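Novice: Quick one, fold the following:
(one chain, ligands or ions: 3)
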Amino acid sequence: MSDHPTTPVLDRVHTPDDMKTMSDAELHQLADELRAETISAVSETGGHLGAGLGVVELTVALHAVFDAPKDKIIWDVSHQCYPHKILTGRRDRIRTLRTEGGLSGFTKRSESPYDPFGAAHSSTSISAALGFAVARDLGGQGGDAIAVIGDGAMSAGMAYEAMNNAGHLGKRLIVILNDNEMSIAPPTGAMSSYLSRLYAGAPFQEFKAAAKGAVSLLPEPFREGAKRAKDIFKHMTVGGTLFEELGFSYLGPIDGHDMDQLLAVLRTVKARADEPILIHAITKKGKGYGPAEAATDKGHATAKFDVITGKQKKTPSNAPSYTSVFAEALIAQAADDPKIVAVTAAMPDGTGLNRFMDRFASRCFDVGIAEQHAVTFSAGMAAGGLRPFCALYSTFLQRGYDQVVHDVAIQRLPVRFAIDRAGLVGADGATHAGSYDVAYLANLPGFVVMAAADEAELVRMVATAAAYDDGPIAFRFPRGEGVGVEMPENPAPLEIGKGRMIREGAQVAILSFGTRLQEVMQACETLAAKGITPTVADARFAKPLDRDLILKLATTHEALICVEEGAVGGFGSHVAQLLADEGVFDHGLKFRSMVLPDIFIDQASPKAMYDVAGLNAGDITAKVLEVLGVAQIGAQSA
Ligand SMILES: Cc1ncc(C[n+]2csc(CCOP(=O)(O)OP(=O)(O)O)c2C)c(N)n1
Ligand SMILES: CC(=O)[C@@H](O)[C@H](O)COP(=O)(O)O
Ligand SMILES: [Mg+2]
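Specialist: Numbers count the residues shown, from 1 in each chain. Ligands and ions are numbered 1, 2, ... in the order given. This next block holds a predicted model:
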């Protein structure tokens, strides 16, 4: 397979309308070419590969049978949407995926009318599709509503909330369960076992209407090609399923890579459905690309790679990742403390807890994509006397917020939140940015909220959290590698609510919270050349604040600048509140709080995203000069 495959059929597709006149044989070939084009594009951009490869046939069949954008095809998570983007007028930009100014790696309403609903967090598709179905029936936009949801995403409660509602409403709604027996890691849980049992050992089964002579139900002109459908339907043995109990007609399992089968089933569903229908399609994540199929994550996400060898082109790292530092620090604590347990919501590799699991299998829980449950489950274990570390990405913890408030904070339970991917994450863009956790945690009574300035600080914060039994405690750290600092050998717990002085200076004090400290120090080098030597402190805690440190900085300097990689309402806001409460502003303190701006920042490199946010060294330099009233010369290049 060459990097730029020959694609004569795909070349004819500019929008899905161009597929409507294609023969089934051409659609077969289109799928092959689409797969080659997807592999080729992702080899140049990196990104989510395996999920897209698993839905190539399904994508072609859906666009051949349904009429997008009038019909709404809603991809759950939408990390599998690259083939869909190629078929829906975005092929010319597909090699800009996940880059600054390029295509998003997810569906996005502002990007295309063929993306009726944006996603990136999982398990929203059935709710959204049901919303479209109701809107259609109440005189809104017409067309079918089709949710494509993976078996991993089916582990989240929201999918069942939606099916419960859909079954009750009884409207025409099509859900395609794309079951590849994979989440990012192999899926866990009873639901996953249930899905496996639905098709284990059985031949692919088909369409309920078979008993009523399904072939005759096929609309013209498809009856001609219906011999295959006859073969498909003759195995029909579908019995009662959980989905049927919820009010869906269950069709399947069908082979999600068999184009004939897909076309026959979708055409018939399109012609006949008058109620909620769930089509259970069995697929292979990474299908059709050897290196992806062979990978343990089935090519879920990849760096740029060589198409022939599959070898990924990763830039060598200079320091360990924050994630791995967290995992090793937790393992070290857990070795001495049998009460420490760890929880991940379907991200064992992403959170580093796969290492913890290897070491302490019975004390590590992958609960599936179920962040709400992860939080309350941790609360229960804390109430039961364990020391749970609930390791979630900042963006996914958002989903468990009521549980954080109601089950953890109000009961003052000592759940330790290890918040990974804090701050701007890069190619995944706005949906995955960890922008809000400080704001939404530091406002909760009794919560301790920390941010690590570097990987050594992270190790100390793990030790602090392990030793803290008085209530909930959280520490946040970013995606990517650390700064290469020396690591503490026997990390002692930090004193709660105490920051640290980094360097003493004059005129202006910079109070950093989190890893922007490196940018602050870089800014100081530039400022030194201008004769300005700021005092720099690392707050460590957004809650409780180090009042003594902050008031000292505020009363001994002309200006105080807070810097953090979080949204307004976070650390700087709490400092401002303290200063206002203490009347410090009455004495003329110049105060600035550098936070993420009030916009959703699109995907780019983290550095470029922080440029947009105005939180890089040059911005800090410029802020110091502005607050001191010094003329700015070349501040952006600092
Ligand atoms: C709420 C939420 N939690 C976690 C994730 C991270 N995540 C992205 S894709 C994925 C696995 C999804 O599995 P599945 O739905 O089966 O899709 P597949 O990749 O197998 O096609 C996970 C856990 C997410 N996107 N959203
Ligand atoms: C689609 C999704 O939610 C995940 O695959 C996410 O992209 C992982 O991000 P990391 O690469 O930061 O683990
Ligand atoms: Mg899956």
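
Novice: Just give the nearest non-adjacent residue to Phe365, would you?
Specialist: Nearest non-adjacent residue to Phe365, counting by C-beta to C-beta, 6 or more residues apart in numbering: Val343, 4.9 Å away. All C-beta atoms are positioned from the backbone trio N, CA, C, and that covers glycine.

Novice: same question, Arg363
Specialist: Closest to Arg363 by C-beta to C-beta, 6+ apart is Val341, at 4.5 Å.

Novice: Give me the pLDDT value at that neighbour.
Specialist: Among the per-residue scores, Val341 shows a pLDDT of 99.

Novice: coming back round to it: touching, the residue nearest to Phe365 and Ala391? I think so.
Specialist: Yes: assessed by C-beta atoms under 8 Å, Val343 is found in contact with Ala391 at 6.7 Å.

Novice: roughly how far is stretch 538-547 from the heart of the chain?
Specialist: Distance of stretch 538-547 from its chain centroid, counting by C-alpha atoms, centre = their mean, to the nearest Å, is 29 Å.

Novice: Check the separation of the first and last residues in that stretch.
Specialist: 13 Å (C-alpha to C-alpha, to the nearest Å).

Novice: Quick one: neighbours of Val630, just the number.
Specialist: 15 (other C-beta atoms under 10 Å).

Novice: same deal with Ile550?
Specialist: 23.

Novice: What of Phe365?
Specialist: Counted with other C-beta under 10 Å, Phe365 comes out at 21.

Novice: on contacts alone, who are the packing partners of the helix or strand hosting the residue nearest to Phe365?
Specialist: Element membership for Val343, per DSSP states H and E: strand 340-344. Applying 3 or more C-beta pairs under 8 Å, 6 or more residues apart in numbering; DSSP states H and E, we find strand 340-344 packed against helix 322-336, helix 353-359, strand 364-366, helix 371-383, strand 387-393.

Novice: Please identify which of those is closest to ligand 3.
Specialist: Of all these, it is strand 364-366 that lies closest to ligand 3, at 14.2 Å by C-beta to the ion.

Novice: phi, psi of the residue in the stretch 201-350 of the chain that ligand 3 sits nearest to?
Specialist: Ligand 3 sits closest to Lys285 of the stretch 201-350 of the chain, with a gap of 6.1 Å, by C-beta to the ion. Backbone torsions for Lys285, taken as degrees, to the nearest 10, come to phi -70, psi 140.

Novice: list the contacts for the closest residue to it other than its chain neighbours?
Specialist: The spatially closest residue to Lys285, leaving aside those adjacent along the chain, is Lys298, at 3.7 Å (C-beta to C-beta, 6+ apart). Counting by C-beta atoms under 8 Å, 6 or more residues apart in numbering, Lys298 touches Gly50, Gly54, Asn180, Met182, Lys284, Lys285, Gly286, Ala292.

Novice: Any chance of a markdown table for the residues you listed, columns pLDDT, secondary structure and distance to ligand 1?
Specialist: What follows is those, written out as a markdown table (pLDDT from 0 to 100; DSSP: H, G, I helix; E, B strand; the rest coil; distance: C-beta to the nearest ligand atom, whole Å):
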| residue | pLDDT | secondary structure | distance to ligand 1 |
| --- | --- | --- | --- |
| Gly50 | 98 | helix | 7 |
| Gly54 | 98 | helix | 6 |
| Asn180 | 97 | coil | 5 |
| Met182 | 95 | coil | 4 |
| Lys284 | 98 | coil | 10 |
| Lys285 | 98 | coil | 5 |
| Gly286 | 98 | coil | 10 |
| Ala292 | 98 | helix | 12 |
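
Novice: any idea which of those has the most stuff around it?
Specialist: Across the contacts of Lys298, neighbour numbers were computed from other C-beta under 10 Å; Gly54 holds the maximum, 30 neighbours.

Novice: gap between Lys313 and ligand 2?
Specialist: 16 Å (C-beta to the nearest ligand atom, to the nearest Å).

Novice: Next, give phi and psi for that residue.
Specialist: phi -100, psi 80.
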